[in-house]
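[1] Here's a sequence, model it:
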Amino acid sequence: MWTKKPKKAKVFFKDNPWILRLGGSPSIAADINYSADYIVAKAAKDALCVACKGAKFLCGKTRCPLVVRLKYYFKTMPLIDSLGVDGASPPGVFVGRIGYPYVYAGPLVPPIHEDTSVYDSPELWFGKSIDDIVAFRSMLIRGKHRVHVKKFEEAGKIMERTRELALSVGPVDVELALKKKPQRALVLDDEIQPFGPSALLRDVRVGTSRWDQQIEKAYGDIDLKAVEAVTALYRKNVLVSRIQRAFSVGSFGLKDNRRLVPTRWSITAVDSIISKDLIRKIKMFPEINEFRVYESRYLDNRFEVLMMPGAWSYEAMEAWYPGTVWNPTGRNIVVFSDWEGFAGRTTYASIGGCYYAARLAVGELLAKERRQAVVVVLREAHPGYIMPVGVWQVRENVRNAMKQRPRKYNTLEEALQRITSQFQIPLKAWIKRSNLLQEALFQKKITEYVKGH
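    Now for the predicted structure:
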């Protein structure tokens, strides 16, 4: 019932004069000094960028993601043209996954001194434009230090200070001493989130910082399992993004089991752990007694969340229009889906971290209301969603939907009529891909047979 998201190979284009011509646009390069030295482009083999040159919209998007990235790229590069970076980290850290178990880890530091807390706090991003997100993400320079995920305790002061930064509350002054100037690379690939330049680290200096007391307590408890640490911190209202950051630098778990976790994996792991704990409680609550529809719109993503009476089960569905991130050259709308019943899942969801991010958001509401339900999260991604910004967008979009007053209906048909009126995709296309909708519409329940006899 699902199609796996495609992956694209990458090639390098070292000479791209057309990019410089784009940079000459007044809307991009006004008051900015740049040169060809700033440009090393990376693109997918099937990319249309070279043919399009940011002007023909051959990919079907409403705006060229290259032009948007280029604008902020040129603003960032002149600020970091040296072997040193000095600024206020949000705080932020990044742990890569390429080459696992030997990975690159290190701080994220913008070359400015001001309140940068928003730069790495997804809970504060909802409602901001693509330009806003690209602007502050492009400013984060990533310092890289090679380390084995299980031997990070032996990796010296760079990792010690990186972890110290990860556990901090609020911006921290950081100095990066780099082995080479930050890599001048402009990424032309829809699978890559907006991100700043990177460089290998020679040394790191971290100013005075204040640790999150709850996280510090969990870090100091070497007999507390990682799952228990994550759920305990969440119950104490520690931001999910802070838990994810600490999780990635090996701050939780039994002493001998601690290890670095690539940032991408840590985000999904924490979403999964928290939502699973919420679901465990939800299963003990009474079922809702009406059909509900919750809605949210952001970055040209349309979310409709359907809740139906019944024992807990959950499904996440995504429809990608031609010209969008996961359907860049297709002619037809592509739908992905994954689901779980009352017993839960035993395998990783094929649609990735978005599944767990949305599950956390709906779980929060049901746990708060002390109810359980059959939940279907439906998402339409339109061409206005010109580049991926991370699974936080799904989590916060669905959280936003859960904050709205739901539309309540007596029948499933009425609820589906509302959803159909908000989507461009015909209802039958959703039903065809959905396990839970098919079950609700076509499978008679045991209670109906009992009533009939």
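[2] Out of the helices and strands in this structure, which is least certain?
    In the chain, no helix or strand scores lower on mean pLDDT, DSSP states H and E than strand 10-13, which sits at a mean of 35.
[3] How about residues contacting the helix or strand hosting residue 94?
    Per DSSP states H and E, residue 94 falls inside strand 93-95. Identification of contacts with strand 93-95 by CB atoms under 8 Å, 6 or more residues apart in numbering yields 103-108, 142, 162-163, 165-166, 245, 248-249, 260-263, 266. Every residue, glycine included, has its C-beta placed from N, CA and C.
[4] Within the sheet, what are the partner strands of it, with directions?
    In the sheet, strand 93-95 lines up against strand 102-109 (antiparallel) (DSSP bridges).
[5] I'd like the next helix or strand past the partner strand.
    helix 130-138.
[6] Can you name the residues in contact with that following helix?
    63, 68-69, 71-73, 75-76, 110, 116, 118-119, 125, 193-196, 299, 386-387, 389.
[7] Repeat that for stretch 163-170.
    89, 91-93, 107, 117, 172, 174, 206, 209-212, 215-216, 219, 242, 245-246, 248-251.
[8] Ends of it, what's the gap?
    Length of stretch 163-170, first residue to last, CA to CA, to the nearest Å: 14 Å.
[9] Any figure for the gap between residue 139 and residue 302?
    30 Å (CB to CB, to the nearest Å).
[10] cool, and residue 179?
    From residue 179 to residue 302 the distance is 46 Å (CB to CB).
[11] Comparing the two, which residue is more hemmed in?
    Remark: of residue 179 and residue 302, residue 302 carries more neighbours, 20 against 12, as counted by other CB atoms under 10 Å.
[12] Correct me if wrong, but the more buried one is in a strand.
    Yes. Looking at residue 302 with DSSP: H, G, I helix; E, B strand; the rest coil, it is inside a strand.
[13] Who is the residue nearest to it when sequence neighbours are not counted paired with across the strands?
    Using CB to CB, 6 or more residues apart in numbering and skipping the chain neighbours, the partner closest in space to residue 302 is residue 380 (4.4 Å). Beta-bridge partners recorded for residue 380 (DSSP bridges): residue 302, residue 319.
[14] Isn't residue 380 up against residue 296?
    No. Residue 380 lies out of contact with residue 296 (CB atoms under 8 Å); the separation is 11.6 Å.
[15] ok, those two, which is more surrounded?
    More neighbours surround residue 380 than the other of residue 380 and residue 296, with 24 against 21 (other CB under 10 Å).
[16] need the contact list for that one.
    301-302, 319, 321, 423-425.
[17] Low-confidence stretches in the stretch 201-350 of the chain?
    For the stretch 201-350 of the chain, the stretches with pLDDT under 70 are 322-331.
[18] wouldn't residue 334 be in contact with residue 319 here?
    Yes. Applying CB under 8 Å, one finds residue 334 in contact with residue 319, separated by 7.2 Å.
[19] These two - which one has more neighbours?
    Neighbour comparison, residue 334 and residue 319: the larger count goes to residue 319, with 23 against 17 (by other CB under 10 Å).
[20] average model confidence for the helix or strand hosting residue 439?
    Assigned by DSSP H and E, residue 439 belongs to helix 435-442. Mean pLDDT, helix 435-442: 94.
[21] helices and strands around it, which ones?
    strand 313-320, strand 334-340, strand 374-381, helix 427-433 (3 or more CB pairs under 8 Å, 6 or more residues apart in numbering; DSSP states H and E).
[22] Dump the C-alpha coordinates for the last one into PDB.
    Extracted C-alpha coordinates of helix 427-433, given in PDB (Å, rounded to 0.1, in the frame of the first residue of the first chain):
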ATOM      1  CA  LEU A 427     -11.600  10.800  -1.700                       C
ATOM      2  CA  LYS A 428     -11.300   7.500  -3.500                       C
ATOM      3  CA  ALA A 429      -7.600   8.000  -4.000                       C
ATOM      4  CA  TRP A 430      -7.100   8.400  -0.200                       C
ATOM      5  CA  ILE A 431      -9.300   5.400   0.500                       C
ATOM      6  CA  LYS A 432      -7.400   3.200  -2.000                       C
ATOM      7  CA  ARG A 433      -4.200   3.800  -0.100                       C
END
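[23] what sits up against it?
    1-2, 317, 319, 333, 335, 337, 378, 416, 419-420, 423, 437-438, 441.
[24] So residue 390 sits against residue 122, correct?
    Yes. Shown here, residue 390 and residue 122 form a contact pair, counting by CB under 8 Å, at 6.9 Å.
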